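Novice: give me a model of this one.
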Amino acid sequence: MPLAQRVLLATTWSLVWCLAYLQVGPPVKAFALQHLGDAQAYFYSHYGPEMLLFLWGWWGIPLLQVILLGRLHPALHVLLVVLSVAGFAFAVYRAPWQTALDAARLCPTESGLRIHRRVAAASLYGVREIRDWHGMGFEFVEYTDGLGQHFRLGLEQGNVVREAIPVPESTYELVALPLETPARRLSLRRLVVRDRLTGEVLGESRLILIHRGWADRVLANGFHFAPPACFGGVPVNRGGPKPIGATGLVKAVITPRAARPMP
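Specialist: The predicted structure follows:
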């Protein structure tokens, strides 16, 4: 088949693909997502798979047609086109699909607020602000700076007082643990209150972050998107509860003793 004729057929295919994709693509995707069941709530995409699949049909397949038309039996050529579309669709959608299944399995059991034991304390280690914590009932807070120097913060007549101390005296600390990876493209962020001496975790706020698949990363390279998350088994940005932060976690775990003026 002459090259000009192959180019004409490839161009025709591009136009047909564009029209067919716009008409058939959305309902086919919606039908496929129905098979995720409850996991559909955890399916996230910035339209990377859709765009790459569209570009493959618009540019990739026509290029194959220009190269292969006239060299393969027509039936084999049609089969190659069908398989290439199906294979490329599988490649771009597999990551967000599998991530949705993993998130649906882990979010109900691994995310949310967990209280293991409640305690009372007059101070807290691991925060660098005193006014809000003093208002909750804490006498003072302590922290360690980047150079390893320990400091204590308190209030005296409404003014913040900071003093260097040799070692922290607070029994309990608020700390963000390193991210864990319970499954591929999922991160578990744990904010915990624990005993500084024994390491016992008294309570924790567990947030699961859901990261993008490779297709979204390719098209969004250079752009920042805050990853969606789930807390308490429900996606945060789809009607779920807001994650419990530091203040809420400490309130749930520690009963502050009545603050008394600093000497």
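
Novice: pretty sure residue 42 is touching residue 98, no?
Specialist: No. Look at residue 42 against residue 98 with CB atoms under 8 Å: they stay out of range, at 10.8 Å. (Each C-beta comes from the backbone N, C-alpha and C, glycine too.)

Novice: compare those two (neighbour count), which wins?
Specialist: Taking other CB atoms under 10 Å, residue 42 and residue 98 do not tie; residue 42 has more neighbours (25 against 15).

Novice: show me where the stretch 101-250 of the chain has helices.
Specialist: Secondary structure of the stretch 101-250 of the chain (DSSP state H, counting those that start in this stretch): helices located at 131-136, 214-219, 246-253.

Novice: return the set of buried residues in the first one.
Specialist: Applying a neighbour-count criterion of 16 or more other CB atoms under 10 Å, the buried positions in helix 131-136 are 133-134.

Novice: which elements pack onto that helix?
Specialist: In terms of contacts (3 or more CB pairs under 8 Å, 6 or more residues apart in numbering; DSSP states H and E), helix 131-136 is packed against strand 150-156, helix 246-253.

Novice: kindly report the same for the longest one.
Specialist: If contacts are counted by 3+ CB pairs under 8 Å, 6+ apart, helix 246-253 sits against strand 112-115, helix 131-136, strand 172-176, strand 186-195, strand 201-210.

Novice: next, the angle from it to strand 172-176.
Specialist: Counting by axes from the mean of the first three to the mean of the last three CA atoms, to 10 degrees, helix 246-253 lies at 140 degrees to strand 172-176.

Novice: any idea which helix or strand comes after helix 246-253?
Specialist: strand 254-256 (DSSP states H and E).

Novice: so how far is that next one from its chain's centroid?
Specialist: Mean C-alpha position of strand 254-256 versus that of the full chain (CA atoms, centre = their mean, to the nearest Å) differs by 31 Å.

Novice: and that strand, what does it pack against?
Specialist: Partner elements for strand 254-256 (3+ CB pairs under 8 Å, 6+ apart): strand 119-121.

Novice: now the helices and strands packed on helix 131-136 in a markdown table, with mean neighbour count, mean pLDDT and distance to residue 193?
Specialist: Shown next, in a markdown table, are the helices and strands packed on helix 131-136 (neighbours: other CB atoms under 10 Å; pLDDT from 0 to 100; distance: least, CB to CB, whole Å):
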| stretch | mean neighbour count | mean pLDDT | distance to residue 193 |
| --- | --- | --- | --- |
| strand 150-156 | 18 | 94 | 18 |
| helix 246-253 | 18 | 95 | 5 |
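
Novice: let's have these in JSON lines, adding distance to residue 16.
Specialist: Formatted as JSON lines, those follow (distance: least, CB to CB, whole Å):
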{"stretch": "strand 150-156", "distance to residue 16": "69"}
{"stretch": "helix 246-253", "distance to residue 16": "56"}
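
Novice: quick one: closest of the ones you listed to residue 143.
Specialist: strand 150-156 (5.9 Å; CB to CB).

Novice: which other residues reach the closest one?
Specialist: 128-131, 134, 139-145, 160-169, 259, 261-262 (CB atoms under 8 Å, 6 or more residues apart in numbering).

Novice: now, of the residues you listed, which are buried?
Specialist: So, by 16+ other CB under 10 Å, the buried ones in the contacts of strand 150-156 are 130, 134, 139-143, 168, 259.
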